[in-house]
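Visitor: Any chance you could fold what I've pasted below:
(2 chains)
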Amino acid sequence: MSHPHGPETLVDRVHRQTGINIRRCYQCGKCSAGCPMAQETTIRPHDVMRMAAQDDLEGVRQADGLWYCLTCETCSVRCPNQCDPARVLDALREIVQEDHPEDAPRPLRAFHRSFLDQVRSHGRLFEMGLIMAFKTRGGPLFADVTTAPGMLSRGKLHLAPTRIRHLEEVRRIFEACGQRED
Amino acid sequence: MARIGYFPGCSLHGTSREYDESLRALLAAMETSVEEIDDWSCCGASSAHQGGRLLGVALPARNLARAEAQGLAEVLAPCAACYSRLAASRHEMDRDPDLAAKVRLVLAREDFRNGVQVKNLLQVLRDRLTDLKAAVRVPLKDLKVACYYGCLLVRPPEVTGGFDDPEAPSSMEEICRALGATPVAWNRRLDCCGASLSLARSPSVIRLGSTILQDARKAGAEVVVTACPMCHSNLDFRQQAMRHRGALEGEMPVLFLSELAGLALGLPPKVLGLHRHFVPTGSVTSRFAAAAGEVG
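Guide: Got it, this is the predicted structure:
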């Protein structure tokens, strides 16, 4: 699948990252039939697979279904031709975000950045910190504000983070994976 | 006394602490000692692999390497998301030696052999079904339970090692039958609860969760059983929002499998953390709790 005479195509890139040849997809639609988010998206998993197989990066960038994938793995279990749509969508999200980080919907970007920041800062997820950072970053400001008291009274929310002893090991992982602080 | 490695994960130290409490009490009652991975760190869960494959593999691998250095042959990861990330990390390093070499470099652990088995709660309890059955003090007679698997406990099979069928699993029903309960047949036991979209897109989570709970009720279930903190939170904590939106009527208690097993072993509801739920669990505890009246 190498293209010595031209730039790497989207099909090649997905293959390099996952070992999957998306041109094997014959558009049976089983992935979309079982997708729990298909009814909320206009571009469904089999559409994304088709666009990717046609090297249509611009089409993939417009695909709402790419971002609202829950990674529930139903599509990959049911694919009759081992195209593993869940892995392909993982790879496509990574590819798109390399050049166009702003493509992901804002609340999702806010959630993932806030989540990873917690892990980088403490080595573990500090849930209260995640919620605060998520809202500051542009998550829905007033959603869930009434839930904190219920969580606290049940002893489910800590007010301060727990930091691991060897935080430098986790920091090193982030740095080696090219994840810089904002 | 048997010994098992333990990766609690962030949720079990926070919003799902009753899962940790009930699990430790249950395993102690089954004469299994849990040994926590020393200085464990977050598996990266739903976010790390969105930020690139290497990060998604390396963050869980730090914990596998620590477990290995601690001499642990198998590790129980009770959270389905942690389990999936740890097991996927192990699997990807197994089939891709270049990636494994890269991870050893990132972790600065040249001696890491990637030899630790990762197990979820269904595997651990099914492995010990005879012991579990023998330890039952209060059989959950006539209790109709909906065994809710969700996604990552049984999918994808290359990550779970195929310990159960990804489309027609039976391990949770087997465990519940060993406790004396009656599993119901229902349609939504493998559906996704909405997982990590809980904060970023809660209407989706309410739609998916209410569909699951309605189906469980239609099948005659009195309680939904889960082995995942995210599923639990999306089905227990979010029930109030489901009712506000008219997506659900009445209440459906949602118990962790370790809580249900704990009740059958005669452990008090308070020890199992049942008072920490949003949806009251009295309809179950009043029938089976050994020390009734301890929980509201």
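
Visitor: From here on, just use CA atoms for contacts and neighbour counts.
Guide: Will do.

Visitor: For the residue most central in space within chain B, give me the backbone phi and psi.
Guide: Centroid check for chain B by Cα atoms, centre = their mean gives residue B:227 as the closest residue, at 2.7 Å. When read as degrees, to the nearest 10, the backbone of residue B:227 gives phi -130, psi 40.

Visitor: Can you say which helix or strand has the closest residue to residue B:93 other than its chain neighbours in it?
Guide: Distances taken as Cα to Cα, 6 or more residues apart in numbering or on different chains place residue B:100 nearest to residue B:93, at 4.6 Å, with adjacent residues excluded. Assigned by DSSP states H and E, residue B:100 belongs to helix B:97-107.

Visitor: same question, residue B:75
Guide: Counting by DSSP H and E, residue B:75 is found in strand B:74-76.

Visitor: in the very next helix or strand once past that strand, what counts as buried?
Guide: Per DSSP H and E, the first helix or strand lying C-terminal to strand B:74-76 is helix B:80-95. Using 16 or more other Cα atoms under 10 Å in any protein chain shown as the test for burial, helix B:80-95 gives B:80-93.

Visitor: Likewise for stretch B:157-175?
Guide: B:157, B:159, B:160, B:163, B:164, B:166, B:169, B:171, B:172, B:173, B:174, B:175.

Visitor: what secondary structure does the fourth one sit in?
Guide: Okay, so that is residue B:163. coil (DSSP: H, G, I helix; E, B strand; the rest coil).

Visitor: residues near residue A:105, how many?
Guide: Using other Cα atoms under 10 Å in any protein chain shown, residue A:105 is surrounded by 13 other residues.

Visitor: what about it, distance to residue A:58?
Guide: According to Cα to Cα, to the nearest Å, residue A:105 stands 16 Å off from residue A:58.

Visitor: from the chain's centre, how far out does stretch B:9-19 sit?
Guide: Relative to the chain's own centre, stretch B:9-19 is displaced by 11 Å; criterion: Cα atoms, centre = their mean, to the nearest Å.

Visitor: Same check on stretch B:191-205?
Guide: The gap between where stretch B:191-205 is centred and where its chain is centred comes out at 17 Å by Cα atoms, centre = their mean.

Visitor: For it, measure first residue to last.
Guide: Using Cα to Cα, one end of stretch B:191-205 lies 12 Å from the other.

Visitor: and chain B, what are its domains?
Guide: B:2-121, B:138-288 (automatic domain parsing).

Visitor: Residue B:32 and residue B:19, how far apart?
Guide: Taking Cα to Cα as the measure, residue B:32 falls 17 Å from residue B:19.

Visitor: higher neighbour count, those two?
Guide: residue B:19 (29 against 15).

Visitor: ok, the more buried one - contacts?
Guide: Contacts for residue B:19 (Cα atoms under 8 Å, 6 or more residues apart in numbering or on different chains) come out as B:12, B:229, B:256, B:258, B:259, B:272, B:273.

Visitor: Show me the one in the residues you listed that has more neighbours than the rest.
Guide: residue B:259 (29 neighbours).

Visitor: Pretty sure it sits against residue B:271.
Guide: No - distance between residue B:259 and residue B:271: 9.4 Å, which falls outside the contact criterion (Cα atoms under 8 Å).

Visitor: hang on, the earlier thing: what's the model's confidence in the helix or strand just after the helix holding residue B:100, averaged?
Guide: The helix or strand immediately downstream of helix B:97-107 is strand B:117-119, counting by DSSP H and E. Taken as a whole, strand B:117-119 has an average pLDDT of 98.
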